[in-house]
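Student: this is the structure alone, sequence omitted:
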């Protein structure tokens with residue numbers, strides 16, 4: 001069999017579909033067809049994220065028969081030769097290592113660090129097939145979305161980019177603008193409260209190094225010389241929305257404390 005040069009990965013979920021899903025639920029008229037569309041889209045993308053994680057560890061799924069191609073190592077390291085030929089022992093499907101790695105950029109624009117994203121994907125992949133009612137399905141989707149948001153706000157990691165077709169800024173805007181209303185599915189508000197509590201705990205533990213990394217990314221001059229509370233205020237001035245979720249929970253008094 002000739003070596004393949006293309007791998008077809010699933011399309012990421014469009015942001016407008018997620019917005020429409022939440023709007024329909026907030027109005028008390030949940031679009032169950034759209035619910036399944038978004039949910040299965042998440043499910044397929046999450047499965048591919050797990051496949052990507054295995055590939056980075058040298059266990060590549062054959063795109064023809066599903067068997068595992070185990071890459072060989074030299075002195076504990078994988079070859080960096082893009083012309084290395086990956087061959088399935090079961091069906092003889094082949095692909096050049098360089099072509100395979102190029103395809104990975106399509107589903108993981110943030111790079112190969114997937115530990116946190118893999119954990120979230122694994123939970124969703126395990127639980128989605130078990131969900132039967134629309135409420136169960138929507139709560140799973142909502143939980144995954146909130147986890148994307150929490151991890152992004154806490155550590156600046158690009159979680160969600162490989163599942164939702166959006167840039168980093170677009171992803172944050174989507175997550176912060178989702179509609180909730182009187183007609184929302186029971187349980188969504190509880191998920192939101194738990195999420196805010198987790199954000200509060202995470203903010204109180206935010207290290208000096210994390211604050212400095214944020215200040216550096218925002219181009220704040222002299223950030224290394226600032227006290228922790230002054231550093232946080234400088235970050236807030238540079239990006240007024242950065243601490244909004246935490247301030248909503250802990251209040252200005254606690255926020256001003258060292």
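Tutor: Received it, and whenever you're ready, just let me know what you need. Predicted model only: the values in this text are computed from it and were never measured. Residues are numbered from 1 along each chain as shown.

Student: going by residue numbers, what spans are strands in the chain?
Tutor: Ranges of strands within the chain are 3-4, 59-61, 68-70, 73-74, 77-78, 85-87, 94-96, based on DSSP state E.

Student: any idea how far the second one is from the middle of the chain?
Tutor: Okay, so that is strand 59-61. Put simply, strand 59-61 sits 22 Å off its chain's centre (C-alpha atoms, centre = their mean, to the nearest Å).

Student: what residues of it count as buried?
Tutor: By 16 or more other C-beta atoms under 10 Å, the buried positions in strand 59-61 come out as 60, 61. The way it works is simple: take the backbone N, C-alpha and C, and place the C-beta from them, glycine included.

Student: name every strand pairing with that strand and say which way it goes.
Tutor: strand 68-70 (antiparallel) (DSSP bridges).

Student: just to revisit the earlier point, for residue 223, find the nearest of the strands of the chain.
Tutor: strand 77-78 (37.2 Å; C-beta to C-beta).

Student: which elements pack onto that closest one?
Tutor: Judged by 3 or more C-beta pairs under 8 Å, 6 or more residues apart in numbering; DSSP states H and E, strand 77-78 is in contact with no other helix or strand.

Student: so where is the protein shaky, pLDDT-wise?
Tutor: Low-confidence segments of the chain (pLDDT under 70): 1-5, 105-116, 149-159, 168-169, 172, 176, 179-182, 189-207, 229, 241-258.

Student: could you export the strands of the chain as TSV, including distance to residue 118?
Tutor: As requested, the strands of the chain are exported to TSV (distance: least, C-beta to C-beta, whole Å):
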stretch	distance to residue 118
strand 3-4	25
strand 59-61	13
strand 68-70	17
strand 73-74	21
strand 77-78	19
strand 85-87	21
strand 94-96	22
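
Student: deepest of those strands, which one?
Tutor: strand 94-96 (a mean of 19; mean count of other C-beta atoms under 10 Å).

Student: so how far is residue 139 from the nearest residue to residue 28 once chain neighbours are set aside?
Tutor: Spatially, and ignoring its direct neighbours in sequence, residue 28 is nearest to residue 183 (2.7 Å; C-beta to C-beta, 6 or more residues apart in numbering). The gap separating residue 183 from residue 139 is 15 Å, by C-beta to C-beta, to the nearest Å.

Student: more neighbours, the two?
Tutor: Between residue 183 and residue 139, residue 139 has the larger neighbour count (other C-beta atoms under 10 Å), namely 19 against 13.

Student: could I get the phi/psi values of the nearest residue to that one once chain neighbours are set aside?
Tutor: The shortest distance from residue 139 to any non-neighbouring residue, by C-beta to C-beta, 6+ apart, is to residue 187 (5.2 Å). Backbone torsions for residue 187, taken as degrees, to the nearest 10, come to phi 110, psi -20.

Student: near residue 187, how many other residues are there?
Tutor: Residue 187: 14 surrounding residues under other C-beta under 10 Å.

Student: next one: residue 146
Tutor: Residues near residue 146, counting by other C-beta under 10 Å: 20.

Student: which parts of the stretch 101-250 of the chain are helices?
Tutor: 115-127, 134-155, 168-177, 188-204, 208-218, 228-238, 244-256 (DSSP state H, counting those that start in this stretch).

Student: how close does residue 209 get to residue 232?
Tutor: Counting by C-beta to C-beta, the gap from residue 209 to residue 232 is 14 Å.
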